[in-house]
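[1] can't give you the sequence, but here's the structure:
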């Protein structure tokens, strides 16, 4: 992929520009500003790893910044340890803190996570005050200043900060182009769909958190030595640090390494200029400007400047526009293929019950799924069909009962683990990753089997080819038709190389032609050796497709058997089909 | 090409902004520049403004009396740096000032954390710096360019305890039980530590209440409750954060606690206290400070009050006034405006009279090898009728101590 | 320790907690109806304190009354802020993104308000002198500070008024409907956007009143918000995001925790007790005492 080398070239260009500025700038104070730009950009990039890529907005990232600062300085003061080594120790402590914080906090969803992150830096502040570390000054080492990061030449600090920035840029780039990067973005876009595609979201978030803590700690350590010279709890665990981080990242744009760069290059000099020119007449002008910047961005360009500009540039250039849409032709009819189901039981469901408040969704449901069959699940609305799938898929834990897949008990396993074992899933309402291309969507599924990005890409293309969607690979889900979306979701599911797929109403919202195409695809899937369990409302379609049917009504299994049999069952007719339907069928 | 065009945007943004940073004011040719880095805006702006007032008064006096004789009557000019409300701003202001102008010496910066950062910059750039901060840490770093005129907190603790027990004994109310109440800001911590660790025990005084809080204080009841039940003979008090302090003082009145209050620091001596809690509540409260107008300085105080409209003169403007005069004396002795020469002059200086010693008790300015003023001793100031007066030692007091 | 002392700790905690409770109700209402976590809540409280001070200085109005008088102007202010700012933030349509975007918006708003106030009103602390701030009611050996007692009583009254409004009036029921199910409410003909504006206005008015009550014993400065905003969040989470009675109880509990922490931890760690409770609630029962089950991953 040529864009990969181009990405690295661009980073090199940024670093080169930084070097240029380092040597061009003369005044000591301007060097300070430059150092600040580099450091805050790096901090923004660190934050971006967990809050931009993974979408877990943290309001307490300064915890790691502060740990980096305190550990490094305390090691100098108490043990005379050079900060070059002290930084490494600080990173270790920060990563450990990330693990300890992450374990309980990542269980919280949405807003609760953000609120929890508020508490940690506050606790650290109080504890540091209590321990007597209100003001820790770095002892001046005149004999070996370089060894203790106490340079006389301001350019040295610029270079140090630039080095930190370069390293963080490289880290971000590596993440962006790795499996973890794709998975993080999938989690951000739709965590449940990601889980169903084999992404263990807890482990991924934890990895991202640890990776974001390390550079933050380094930035904190360098900040103290280059800018502040003393550590106070307020200065490193306080509101200013996180405000600065948020402004830099959000104004520039989260979810990309360009965002914090742009944000820092813009906001840091602006704030310094304001401070020097009108700061004493208008105290707090910096706070007002930062606050206003955050508000304006949220109102007018919530994704950030980078994405907004890119969008504008893209639409002007006409790229990303719709390629000529080819009409998807139904592959040759395989109607006559007889059932190739074997007698091997792939999935065993025994006595599964699940209740919600005031509703018994599933009641003692038992059935088998045989290898290579197409099993249809039907029933009136509210019968518990999707709930059943959620149990089979791992999204819900049943109150009673057991599920066995390939002979192994799988009740209560996470969706990502079930995916790893070979259970695939599509959803009633298509769950896409909207900001990823179609190909990237499918790659998330392919990553369940292969960690290498290039191989996953190839597998994804193959899956798209199987559903005749290969020409839409570079499009975004927002521009797809319903049929194309369903095919994409199917391809994504197939890319996880499942043994069995759970299709939840794949025909919903399709036209008659679309239904034909979809049915043909599903047959193809089965012909490829995959067992299919399918929920559907459209009886006609299911009769064409399914080898066997299961009828659910009010959470109970009402009937089971061949379609012809089941449709004659009086109980089924009473509960679901209705006599008139039967009459119409007979009339055909 | 796309990633490179983005790089271009970044470079352009920087390039657009960079030129603005290159604007500098042109320095005047002969004037001697003194830097003042203090909070001139934000939470502590009042204190910084007071320092500035003191400095300006001294500069006006010096210039009107002929300037610096050794430099042919050169005038002194003040260059301010706003320390704002964060260490970063203070350090930034110091760095800006000291690199853009030819600063001969500097003063500041009120909060000990600001002072620590600012003196670090001054040390690296080799500009002598005078500070009135009390924290021991200021001169424990082996710096050559930092000069601390106030007695350090730990020393204040020792000497203040002497003064206080002495007064109590002479009034036939020896101190048997003491309380320590305050927050955990640096100067307060440095004062309390030796007190609780050895000084009180050495005098056979029992420490009955020891409550230190992290600002902000939610409610003072727990503390004052303990005071009420143990009834100490004296309370050493370090509530530097204004809202916290108000709560404590009001709660003390509410609970009817009569323990005499011995503050620790000049934060207790601001007009805001009078405005917020009223003079009756403040009456007889004392505090240990490094400097306050002494007997014989009435004219100085009157001049200050007239000039500024402030109700009274306190430590900040007084010390800054004296610091400017001290720098002037150092320049006279060094016969040069070069910072290194001034630093050497300060290291050797030994003054016992003149406006440069006006803020210091005893009236002698000589620094030891760490930069601490030799023989520095604290004063005790007491609120009486809504105004603070020096009461101890009696020799320099402006009013006699009002005993409770 | 003596029983009387323990009772004093509890009483102190409850009195402090009463005002926290009033501050938190506004936040809970705003979150319950609009799903917005308003970071600027503390700053509006600070502005309420300044307005109460203004009433006291210019009209010699006792702050207890002044607090009530902050309600109408701040209601209007809240309405305007909602219309002009919050209602415009959609975060691109995704509800999760919208919540994040509104959180950041209110954070920005908080920065602007605090710093603009510092610029315009100067940061010198101000205080309203009331006789009852330094007097106490004596209930046996237990002393109840008068200012805080009055504030507690007023907080109760206001909270009760809000509760009655929400449960007994049609408008209140419409508000709750919009909170429970905006789609269904709009089908019923309820203007959900107006309900949001109403909720925000009431929420801001309540916290401004709480500020006025606080001003009877606490000095006023632009940075006051910072001392209380996290406590408010903790109280609301404890009670259950979106539950009004929950937030009230949460505020009382936080006051108690603060006070009783002193029995176990050194004074300097007083607030860590609050944060630890916060984290424990989030880990063990994120929906709080009264809230509905929150979605966990």
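    Nice, thanks for sending it over. Predicted model, so just to flag it, every value in this text is computed and none were measured.
[2] skipping its backbone neighbours, what lies nearest the residue of the stretch 1-150 of chain C found nearest chain B in space?
    Nearest residue of the stretch 1-150 of chain C to chain B: residue C:127, at 3.5 Å (Cβ to the nearest Cβ). Yep, even glycine has a C-beta here, placed from its N, CA and C like the rest. Residue nearest to residue C:127 in three dimensions, not counting chain neighbours: residue B:276, with 3.5 Å by Cβ to Cβ, 6 or more residues apart in numbering or on different chains.
[3] what is the helix or strand hosting that neighbour packed up against?
    Secondary structure from DSSP states H and E places residue B:276 in helix B:271-277. Helices and strands touching helix B:271-277, as assessed by 3 or more Cβ pairs under 8 Å, 6 or more residues apart in numbering or on different chains; DSSP states H and E, comprise helix B:242-254.
[4] which other residues reach the helix it packs on?
    With Cβ atoms under 8 Å, 6 or more residues apart in numbering or on different chains as the test, helix B:242-254 has contacts from B:181, B:183, B:213, B:215-217, B:219-221, B:223-224, B:227, B:237, B:239, B:259, B:261, B:267-268, B:272-273, B:276-277, B:281-282, B:285, C:125, C:127, C:133-136, C:143, C:145, C:217-219, C:221, C:224, C:227.
[5] could you redo the last one with a cut-off of 7 Å?
    B:181, B:183, B:215-217, B:220-221, B:223-224, B:239, B:272, B:276-277, B:281, C:125, C:127, C:133-136, C:145, C:217-219 (Cβ atoms under 7 Å, 6 or more residues apart in numbering or on different chains).
[6] cool, and stretch A:347-367?
    A:368-369, A:384, A:387-388, A:391, A:396, A:398-405, A:500, A:550, A:555-557, A:560.
[7] of the residues you listed, buried ones?
    A:368-369, A:384, A:387-388, A:391, A:396, A:398, A:401, A:403-405, A:500, A:550, A:555-557, A:560 (16 or more other Cβ atoms under 10 Å in any protein chain shown).
[8] immediately after the helix or strand that contains residue A:103, which helix or strand?
    Residue A:103 is located in helix A:83-105, with elements delineated by DSSP H and E. Remark: after helix A:83-105, the chain's next helix or strand is helix A:110-130, criterion DSSP H and E.
[9] and that following helix with helix A:83-105, angle?
    130 degrees (axes from the mean of the first three to the mean of the last three Cα atoms, to 10 degrees).
[10] pLDDT of helix A:110-130, averaged?
    Mean pLDDT, helix A:110-130: 89.
[11] helices or strands up against it?
    Here helix A:110-130 touches helix A:62-79, helix A:83-105, helix A:233-237, helix C:95-121, helix C:224-239, helix C:270-284, going by 3 or more Cβ pairs under 7 Å, 6 or more residues apart in numbering or on different chains; DSSP states H and E.
[12] and the closest residue to residue A:61 other than its chain neighbours, how far from chain B?
    Once flanking residues are discounted, residue A:61 sits nearest to residue A:47: 4.9 Å by Cβ to Cβ, 6+ apart. Residue A:47 sits 19 Å away from chain B, going by Cβ to the nearest Cβ, to the nearest Å.
[13] okay, and which of the contacts of helix B:242-254 map to strands?
    B:181, B:183, C:136, C:145 (DSSP state E).
[14] quick check: the farthest pair among those?
    B:183 and C:136 (23.9 Å; Cβ to Cβ).
[15] noted, bye for now.
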